[in-house]
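[1] The sequence and its predicted three-dimensional model are supplied below.
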Amino acid sequence: MAKTTFGKKLRECREDKGLSQQELAKILKTSHSVIGRYERDEMSPSIDAVKKMASVLDTTVGYLLGESNEGKTLKDTAMLKRLNDISALPDKDKEHILYTIDGLIKSAKLQTL
């Protein structure tokens, strides 16, 4: 399996966000040609630039750098609080809650078909 490069991941995340190279460059205070060079893997950004890109593109530095396969991050603070509350419960309670949530998610997905 071919390794997905930083440039390919950057382009994928930028397109998923619906941004052009020009729009991303403006947000990052750089030029579209620099974004293009990053995407073609002709140039590597600084770690600070990668952090800004990850934040703008709703992903993680680890994903862009190939350290993680998970590109999306959960930024909904209310949802994160709920998940942390569930995580703090005893295992048996967590198991019941997650089973119920899984059923609700499955039901919701079936309704959208």
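    Received, thanks.
[2] can we go C-alpha only for contacts and neighbour counts from here?
    Fine.
[3] For stretch 16-34, give the distance from the opening residue to the closing one.
    19 Å (CA to CA, to the nearest Å).
[4] How about residues contacting it?
    14, 35-36, 43, 49, 52-53, 57 (CA atoms under 8 Å, 6 or more residues apart in numbering).
[5] Selection in ChimeraX covering whichever of these are buried, please.
    Buried subset of the contacts of stretch 16-34, written as a ChimeraX selection, criterion 16 or more other CA atoms under 10 Å:
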select :14,35,36,52,53,57
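[6] How is this structure partitioned into domains?
    Domain segmentation of the chain under automatic domain parsing yields 6-64, 77-111.
[7] Now do the shortest one, average pLDDT.
    Taken as a whole, domain 77-111 has a mean pLDDT of 88.
[8] re the thing from before, farthest pair within the contacts of stretch 16-34?
    43 and 57 (19.1 Å; CA to CA).
[9] farthest residue from the center of the protein?
    Distance from the C-alpha centroid of the chain, by CA atoms, centre = their mean, peaks at residue 92 (30.5 Å).
[10] Could you tell me what pLDDT the model assigned to residue 60?
    86.
[11] One more: residue 36?
    97.
[12] For residue 84, see how far away the residue lying closest to residue 87 once chain neighbours are set aside is.
    Nearest non-adjacent residue to residue 87, counting by CA to CA, 6 or more residues apart in numbering: residue 94, 6.9 Å away. Noted for residue 94: a distance of 11 Å to residue 84, by CA to CA.
[13] These two - which one has more neighbours?
    residue 94 (15 against 11; other CA atoms under 10 Å).
[14] so residue 4 sits right up against residue 66, yeah?
    Yes: contact criterion CA atoms under 8 Å: residue 4 and residue 66 qualify, at 7.4 Å.
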